[in-house]
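> Pasted the sequence and its predicted model underneath.
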Amino acid sequence: MKSILPAVIFFFSTTIAQAQDGPVNTLPAGKYETVLKTIGTKWVKGDIEIVDENHYRLSAANEMGEYRFSATAQRIFFTSGPMKGAFAKTVRNGNQFSILLPLAENQQLGQSLASADIIGSLKN
């Protein structure tokens, strides 16, 4: 029994550690297809396109904006354009990169982006 307990603890700790989201060190450029997380429908403002290290655009708008990415905070700071001031976090699960726009935090900031959390997943 004593030898089984450490094996079980090791198994669960490695399994749980692999299932958790990892940190995002760089924000890959590309199209992040957005959906309302709980509903599963497309976000009306379109997909988020990360153009380069400092610029983004929404697919439903022709307006480009600037952003700053903080690997330490795991956040995207939209400094201009259609998403200016929106609260956004980055998450990674394995090789899947996503942008999360949480409803509660954005409502506290006075942003009315949608009626649920918005998740944008990088599509290659």
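Looks like it came in fine.

> where along this protein do the helices fall?
4-19, 103-108 (DSSP state H).

> which stretch in those helices is the model least sure about?
Mean pLDDT is lowest for helix 4-19 out of the helices of the chain, coming in at a mean of 44.

> give the contact list for Leu58.
Counting by Cβ atoms under 8 Å, 6 or more residues apart in numbering, Leu58 touches Lys45, Gly46, Asp47, Ile48, Glu49, Pro82, Met83. C-beta coordinates here come from the backbone N, C-alpha and C atoms, glycine included.

> okay if I get the residues you listed as CSV plus distance to Lys89 and neighbour count?
Below are those laid out as CSV (distance: Cβ to Cβ, whole Å; neighbours: other Cβ atoms under 10 Å):
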residue, distance to Lys89, neighbour count
Lys45, 18, 16
Gly46, 19, 16
Asp47, 17, 19
Ile48, 13, 26
Glu49, 18, 16
Pro82, 18, 18
Met83, 13, 26
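
> Just give me the closest of those to Asn62.
Each of the contacts of Leu58 was checked against Asn62 using Cβ to Cβ; the closest is Pro82, at 9.8 Å.

> Relative to Gly46, how far out is the closest one?
9 Å (Cβ to Cβ, to the nearest Å).

> Give the residue spans of the protein that score low on pLDDT.
Along the chain, segments meeting pLDDT under 70 span 1-21.

> So for the spatially most central residue of it, what's the nearest residue that isn't a sequence neighbour?
Nearest residue to the geometric centre of the chain (Cα atoms, centre = their mean): Ile99, 1.8 Å. Take Ile99 and drop its neighbours on the chain: the residue closest to it by Cβ to Cβ, 6 or more residues apart in numbering is Gly120, 4.2 Å away.

> Appreciated, that's everything.
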